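Participant: Take this sequence and fold it.
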Amino acid sequence: MFRDKIAKIYNSDALGGFVKYSFKYKKWLLGTLLLSVLSSAMGAVPAWLSKYLVDDVLISKNGKMMLMVGAGIFLTTVIKSISAYYAETTSVYLSEKIRREVKIDIFKHLEHLPMSYFTQNKLGDIMARLSGDSSSLGRIGFLLFDMLREIITVCAFLVRMFQLDLVLSFIALIVAPAIFAMVKRYTRKLKRMGKERQDTIGGATAFMQESLAGIQVVKGFNKVDEMVDKYRDVTDDEMQKIYKAAKVKAKISPINEVLTALMLVMIAAYGGYAIIYLKGFTPGDLISFLTAAGLMQQPLKRFIRRNSELYEIIPSGDRVMEIFKVKTEVDCFVEEPKIFNGEVDKIEFENVDFTYPNTESKVLKDVSFDVKKGEVVAFVGSSGSGKTTIVNLLPRFYDIDSGSIKINGTDIREFSLKQYRQYIGMVPQDTFLFSGTIAENIAFGKPNVSREEIIEAAKMANAYKFIEELEKGFETEVGERGVLLSGGQKQRIAIARALIQNPAIMILDEATSALDTESERLVQEALDKLMLGRTTFVIAHRLSTIISADKIVVMNKGEIKEIGKHQELLDKNGLYAKLYNIQYSKIEEE
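Facilitator: Numbers count the residues shown, from 1 in each chain. Down below sits the predicted model:
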């Protein structure tokens, strides 16, 4: 296939991918090609007309021919200008259309990647690929179409040159191997340097994104100057790589100029000899040949320059296409997905083992327990004991190594992810709100939601009162990540967002751990409403909040140590009792 040949020539997934996308717009592609051919053909006409200008006008002094040659030059110039305009605009439109489609497909692919991809790759680098590097795809398209026009123009001039004289044509092509050898040598360097540069830019973007995301910590620890110095070092490395690539590119044009000058001297020398000593070769033929050879140099130079630019930005485009190579989440592990209708009779973890990708030690070891319909199960234990991992396995953010997680006797891997996850609600410890209004954030969990449903969810989440006190009420902007709201307000918005979804299974990840007493009371009341009648998984930070849980699972180093109700576990005087007494004594001291 043509796409594979292009990709092989440049050793680039980005080029092959661009060609593949361009074939979706065959009419635009064909139109661009025809306009490019017309523009190139008209641009080559002066090489034909120059013969008649010399032989029939200047030497034979034919006035009529002079008018015809002048009219021909003017007419072809007009046609060339119009066709070149439309060729460029259509190629730009097609390039941008393809770039947009690729960006959408990449974003869609990212949205379907497993959580492990986002834990193993810096967000700043991902953003650099999606925004900055994906822009290179549009540039790649522009360069490809531009190179196509230039090579068609060169071919048109070559046709005229071979038509006039074979010997002169071969003389003109003597320097071609030297030019292509030079181009090949330097473009390889440019491609390697381009990859190094893009990796550096991605690292710089990731550093900047991380630094700005943690600006409060940076200021709190008085590390502003240190972070600026680090960023200066990172960007200096980026600047040096760009400068080295520029020096390599700068060498190409002067070398090409020298080789071109040598070619023209050789053509002029042999052409003069042919006019004087050989029959049938006129001054007009030589001028026509020199015109073709001379005019050919500009498109050839542009082709070489565009080729160099292409090699330089290919690594940027390839970084984007690398995302497509990452496998998306497995939607279902069986050919015919089973239907989950939201009815939960029993959830079972059976001998579950789990290891995070690219790590060796097991995070969960032989974990087994069950939860019945409407029960509240709480997980307690020290940091790193596996609590969060368990609740991340339930919505299949990760898939287990061995064992099974079943709902009503069916392995959750036999459900379609999209259909299954719509029955799971989450209220995380670190509440994430999207930029937009309060109403938009509450409605996020359910499509086509009415204002009445939003208001009802806000009331159930103990959020309605503070929302109504705001100047714009439900239309109040929350800011990036909800920065314009307090922690308690954000949590109640998150609870309303979960409530409006009406999930069958709720996951609460230390939802009150970072709140003051009053906010905790309001949030806890909202959580009690949220859990009512739902099968709920709770990660507990304050043990006082899970005293009434139907089942408490005590974790330690990835293993279940104890299971039972609050009083039962206290009576056992085991790990739970120890944790509870430590926390209770701290409260007493306060």
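
Participant: all contacts plus neighbour counts: C-alpha atoms, from now on.
Facilitator: Fine.

Participant: Next, Arg497: phi, psi?
Facilitator: Main-chain dihedrals, Arg497, degrees, to the nearest 10: phi -60, psi -40.

Participant: same thing with the one 10 residues further on?
Facilitator: The main-chain torsion angles of Ile507 are listed as degrees, to the nearest 10 and equal phi -120, psi 120.

Participant: Could I get the pLDDT score of it?
Facilitator: Here the pLDDT value assigned to Ile507 is 88.

Participant: Could you double-check that it lies in contact with Arg421?
Facilitator: No: at 11.9 Å, Ile507 and Arg421 do not qualify as touching, with contact defined as Cα atoms under 8 Å.

Participant: Compare those two (neighbour count), which wins?
Facilitator: Ile507 (26 against 17; other Cα atoms under 10 Å).

Participant: Please name the bridge partners of the more buried one.
Facilitator: In this entry, Ile507 is beta-bridged to Met426, Phe537, by DSSP bridges.

Participant: So that it lines up with my notes, have the first residue be 400 from now on.
Facilitator: Renumbered: residue one is now 400, and that last one reads Ile906.

Participant: That one and Ser515, how far apart?
Facilitator: To Ser515, Ile906 is 20 Å away according to Cα to Cα, to the nearest Å.

Participant: Ok, Gly932 next?
Facilitator: From Gly932 over to Ser515 (counting by Cα to Cα), the distance is 32 Å.

Participant: and if you look at Lys643?
Facilitator: Taken as Cα to Cα, the span from Lys643 to Ser515 is 36 Å.

Participant: Then Phe873?
Facilitator: From Phe873 to Ser515 the distance is 35 Å (Cα to Cα).

Participant: One more: Arg538?
Facilitator: On the measure of Cα to Cα, Arg538 and Ser515 end up 31 Å apart.

Participant: Name the residue in those two with the higher neighbour count.
Facilitator: Shown here are Arg538 and Ser515; by other Cα under 10 Å, Arg538 has more neighbours (19 against 14).

Participant: Would you confirm that that one belongs to a helix?
Facilitator: Yes: under DSSP: H, G, I helix; E, B strand; the rest coil, Arg538 sits within a helix.

Participant: Would you map out the domains in this structure?
Facilitator: 401-724, 739-822+905-989, 832-901 (automatic domain parsing).

Participant: Need those in a markdown table (columns: distance to Asp730).
Facilitator: Below are those laid out as a markdown table (distance: least, Cα to Cα, whole Å):
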| stretch | distance to Asp730 |
| --- | --- |
| domain 401-724 | 9 |
| domain 739-822+905-989 | 5 |
| domain 832-901 | 20 |
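
Participant: Ile962 should be in a strand, yeah?
Facilitator: Yes: assessed with three-state DSSP, Ile962 lies in a strand.

Participant: so who does it touch?
Facilitator: By Cα atoms under 8 Å, 6 or more residues apart in numbering, the contact set of Ile962 is Lys950, Ile951, Val952, Val953, Leu968.

Participant: Which one (most neighbours) among those?
Facilitator: Ile951 (26 neighbours).

Participant: Okay, now the sheet partners of the helix or strand that contains that residue, with direction.
Facilitator: Assigned by DSSP states H and E, Ile951 belongs to strand 950-955. Sheet pairing for strand 950-955, assigned by DSSP bridges, gives strand 775-779 (parallel), strand 958-963 (antiparallel).

Participant: from these, which stretch is densest packed?
Facilitator: Of all those, strand 775-779 has the most neighbours on average by mean count of other Cα atoms under 10 Å, namely a mean of 26.

Participant: before we move on, the earlier item: may I see the strands paired with strand 950-955 organised as a markdown table, with distance to Pro445 and mean pLDDT added?
Facilitator: Converted to a markdown table, the strands paired with strand 950-955 look like this (distance: least, Cα to Cα, whole Å; pLDDT from 0 to 100):
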| stretch | distance to Pro445 | mean pLDDT |
| --- | --- | --- |
| strand 775-779 | 83 | 89 |
| strand 958-963 | 84 | 91 |
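
Participant: Take these and lay them out in TSV including distance to Asp684.
Facilitator: Listed next are the strands paired with strand 950-955 as TSV, based on distance: least, Cα to Cα, whole Å:
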stretch	distance to Asp684
strand 775-779	91
strand 958-963	90
